[in-house]
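Chemist: From the sequence below, what's the structure:
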Amino acid sequence: PDNVHLFNGSKFFCNGEDGDQQQAIPIGKVNDDYCDCLNGNDEPGTSACSDSSPESKFYCPNHGHLPLSIYSSKVNDGICDCCDGADEWASGRCPEANCKRIALQALEQDKAALAQLTAGLETRRKYEQEGMDASLGWRQDLMQAEADLRE
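Modeler: Have a look, this model is predicted:
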């Protein structure tokens, strides 16, 4: 998704369409487990470029939760970095996709944070109203005192 601008018809542009030292490869060479682009952009779904381009990224779709990009060097390293196990496709070490569980936990955390913010907002509104009421009372007292001085 981050590199969708690199795709154009039947070609994949390693550096973007207007990049310096343009390198284009056929679409069929994207994610073929061979690093064709010097920057590793053509292998977002494999770890093929992790040695030649330490900044190359692997895209985790994380079905059921938020997508994520991790370094390609973390692909098939025996550790499940993607909650859907997409990064451990060769080892099969992530048999249970837990994106839905993680998404539900994140939702509960968001609900708790929203409740806390809502309570804080209500407290603020209460203090605002108390301040406005006090200010109105002081103004009335001031006006009465000024009127009393004029008499």
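Chemist: Please count neighbours and contacts with C-alpha atoms only from this point.
Modeler: OK.
Chemist: which SS class is residue 25?
Modeler: Three-state call for residue 25 (DSSP: H, G, I helix; E, B strand; the rest coil): strand.
Chemist: Hmm, I typed the wrong one, I wanted residue 92.
Modeler: Residue 92 - assigned by three-state DSSP - is coil.
Chemist: The residue nearest to it when sequence neighbours are not counted and residue 150, how far apart?
Modeler: Nearest residue to residue 92, sequence neighbours excluded (C-alpha to C-alpha, 6 or more residues apart in numbering): residue 85, at 8.0 Å. Distance, residue 85 to residue 150, by C-alpha to C-alpha, to the nearest Å: 82 Å.
Chemist: ok, those two, which is more surrounded?
Modeler: Set residue 85 next to residue 150 and count neighbours by other C-alpha atoms under 10 Å: residue 85 wins out with 25 against 7.
Chemist: where are the low-confidence patches of this structure?
Modeler: 1-5, 16-21, 52-54, 95 (pLDDT under 70).
Chemist: again, 80 this time
Modeler: 1-9, 15-22, 39-40, 44-47, 49-56, 89, 91-97 (pLDDT under 80).
Chemist: circling back to that earlier point, wait, doesn't the residue nearest to residue 92 sit right on residue 91?
Modeler: No: Residue 85 is not in contact with residue 91 according to C-alpha atoms under 8 Å; the separation is 10.0 Å.
Chemist: ranges for the strands of the chain?
Modeler: For the chain, applying DSSP state E gives strands covering 7-8, 11-13, 24-26, 57-60, 68-71.
Chemist: ok so, going back, can you name the residues that contact the residue nearest to residue 92?
Modeler: 62, 92, 93, 94, 95, 96, 97 (C-alpha atoms under 8 Å, 6 or more residues apart in numbering).
Chemist: Determine the number of other residues adjacent to the closest residue in space to the first one that isn't next to it in sequence.
Modeler: The spatial neighbour of residue 62 that comes closest, neighbours along the chain excluded (C-alpha to C-alpha, 6+ apart), is residue 84 at 5.0 Å. Here the count is done by other C-alpha under 10 Å, and residue 84 has 22 residues near it.
Chemist: what's residue 84 in contact with, if anything?
Modeler: Residue 84 neighbours (C-alpha under 8 Å, 6+ apart): 60, 61, 62, 63, 94, 96, 97, 98, 99.
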